[in-house]
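In: okay, here's the prediction I keep looking at, along with the sequence it came from:
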Amino acid sequence: MSSSADKSQQQTSSQQQENVAELYFGPDFDDIQFLSNAQVAAFLKVSARGAVDRDQELHDVYRKTQRYVDRFNTMTNSEKDDQELVGELDNLQDALTTFRKEKEDDGEEMELHGSEVAALMNLVATDTMVEEAIALIPSLSRFPEAAIDEILDLIRSTMIRIVS
């Protein structure tokens, strides 16, 4: 087999293995913690302050990333302390990470994957419905609608605490 055929076969094999809807991202993501836009925004804000304190210039990639997360981050409140915001985000992430539901057919316990937790935290719209959440995060379809609604309620209540 030629080297180009080997590369093509490896790429095809890799593409078949990585499937967001089935929550498989490949071996490079096995031990990765997924973060929401709000979490990244908070981390970048703290690191920017540190760079200013050290009289360092922020890299262009940093600034572009900051603009992106600021654009899509709706979990903000200028009246709240950064630590308070980080605490709320950590609490929400913990609540979603520890969320468990049993399957009706075999009683097996289901939990949210880290990528689902981050994606759900990015939804944060107080009017997100179950159908919309499933359309945006197809892997949620394995949960009963009532469980997804319970998850969305957790997010709504956190969002209300952050923005009010």
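Out: Structure's in. What do you need?

In: switch to C-alpha atoms for all contacts and neighbour counts from now on
Out: Will do.

In: name the residues that touch the longest helix seen in the chain?
Out: Criterion DSSP state H: the longest helix present in the chain is helix 145-163. Helix 145-163 has contacts (C-alpha atoms under 8 Å, 6 or more residues apart in numbering) with 75-77, 80, 85, 88, 92, 95-96, 99, 101, 120-121, 124-126, 128-130, 140.

In: rounded mean pLDDT for that helix, please.
Out: Averaged over helix 145-163, pLDDT sits at 88.

In: and it, C-alpha only, in PDB?
Out: What follows is helix 145-163 as a C-alpha-only set of coordinates in PDB (Å, rounded to 0.1, in the frame of the first residue of the first chain):
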ATOM      1  CA  GLU A 145     -37.400  15.000  28.000                       C
ATOM      2  CA  ALA A 146     -38.200  15.500  31.700                       C
ATOM      3  CA  ALA A 147     -34.500  15.000  32.600                       C
ATOM      4  CA  ILE A 148     -33.400  17.500  29.900                       C
ATOM      5  CA  ASP A 149     -36.000  20.000  31.300                       C
ATOM      6  CA  GLU A 150     -34.500  19.500  34.800                       C
ATOM      7  CA  ILE A 151     -31.000  20.200  33.400                       C
ATOM      8  CA  LEU A 152     -32.300  23.400  31.700                       C
ATOM      9  CA  ASP A 153     -33.900  24.500  34.900                       C
ATOM     10  CA  LEU A 154     -30.500  24.200  36.700                       C
ATOM     11  CA  ILE A 155     -29.000  26.400  34.000                       C
ATOM     12  CA  ARG A 156     -31.900  28.900  34.100                       C
ATOM     13  CA  SER A 157     -31.700  29.300  37.900                       C
ATOM     14  CA  THR A 158     -27.900  29.900  37.700                       C
ATOM     15  CA  MET A 159     -28.300  32.400  34.800                       C
ATOM     16  CA  ILE A 160     -30.800  34.300  36.800                       C
ATOM     17  CA  ARG A 161     -28.500  34.400  39.900                       C
ATOM     18  CA  ILE A 162     -25.600  35.700  37.700                       C
ATOM     19  CA  VAL A 163     -27.400  38.400  35.800                       C
END
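
In: cool, thanks, talk later.
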